[in-house]
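Undergrad: Sequence and predicted structure, then a few things I'm wondering about:
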Amino acid sequence: MKRQGLYRLMKHTNFMSQYTKGQSWGALKKAWRGYKVAKVQKNMADMKKYAERIRTLQSELGLVQAKFPELGLN
């Protein structure tokens, strides 16, 4: 009974992530790689997509969010 109560508390207070920290770090690394490729190709749509993903992952990992002033993401 205690475990179920703790699970519900964690689930509803957003303490549980869908992914492990290792998976999130891997996704962050891939997102940065994608952003850099998109920047070299001057693909603004993909740059924005990857920048938003980078900021989301950084937030989930408790990191300071990168700024992308050229995309309006500060």
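TA: Now that the structure is in, tell me what you want to look at.
Undergrad: Apart from its neighbours in sequence, what residue is nearest the residue nearest the centre of the chain?
TA: Ranked by distance to the mean C-alpha position of the chain (CA atoms, centre = their mean), the top residue is residue 57 at 1.4 Å. Nearest residue to residue 57, sequence neighbours excluded (CB to CB, 6 or more residues apart in numbering): residue 28, at 4.4 Å. Backbone N, C-alpha and C define where each C-beta goes, glycine included.
Undergrad: didn't that neighbour look like it was pressed against residue 60?
TA: No - counting by CB atoms under 8 Å, residue 28 stays clear of residue 60, with 9.0 Å between them.
Undergrad: So which of those two has more stuff around it?
TA: Taking other CB atoms under 10 Å, residue 28 and residue 60 do not tie; residue 28 has more neighbours (18 against 15).
Undergrad: Against which helices or strands is the one helix or strand the more buried one maps to packed?
TA: Assigned by DSSP states H and E, residue 28 falls within helix 21-40. Contact partners of helix 21-40 among helices and strands, from 3 or more CB pairs under 8 Å, 6 or more residues apart in numbering; DSSP states H and E: helix 44-60.
Undergrad: for the helix it packs on, which positions count as buried?
TA: Using 16 or more other CB atoms under 10 Å as the test for burial, helix 44-60 gives 47-51, 53-55, 57-58.
Undergrad: May I have that helix as CSV, with CA atoms only?
TA: Provided in CSV are the C-alpha atoms of helix 44-60 (Å, rounded to 0.1, in the frame of the first residue of the first chain):
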residue,chain,number,x,y,z
MET,A,44,16.2,27.6,-40.0
ALA,A,45,13.2,25.3,-39.5
ASP,A,46,15.3,22.4,-38.4
MET,A,47,17.5,24.7,-36.3
LYS,A,48,14.4,25.9,-34.4
LYS,A,49,13.1,22.3,-34.0
TYR,A,50,16.4,21.1,-32.5
ALA,A,51,16.9,24.2,-30.4
GLU,A,52,13.5,23.7,-28.8
ARG,A,53,14.3,20.1,-28.1
ILE,A,54,17.7,21.0,-26.6
ARG,A,55,16.0,23.5,-24.3
THR,A,56,13.4,21.0,-23.2
LEU,A,57,15.9,18.3,-22.5
GLN,A,58,18.1,20.7,-20.6
SER,A,59,15.2,21.7,-18.5
GLU,A,60,14.3,18.1,-17.8
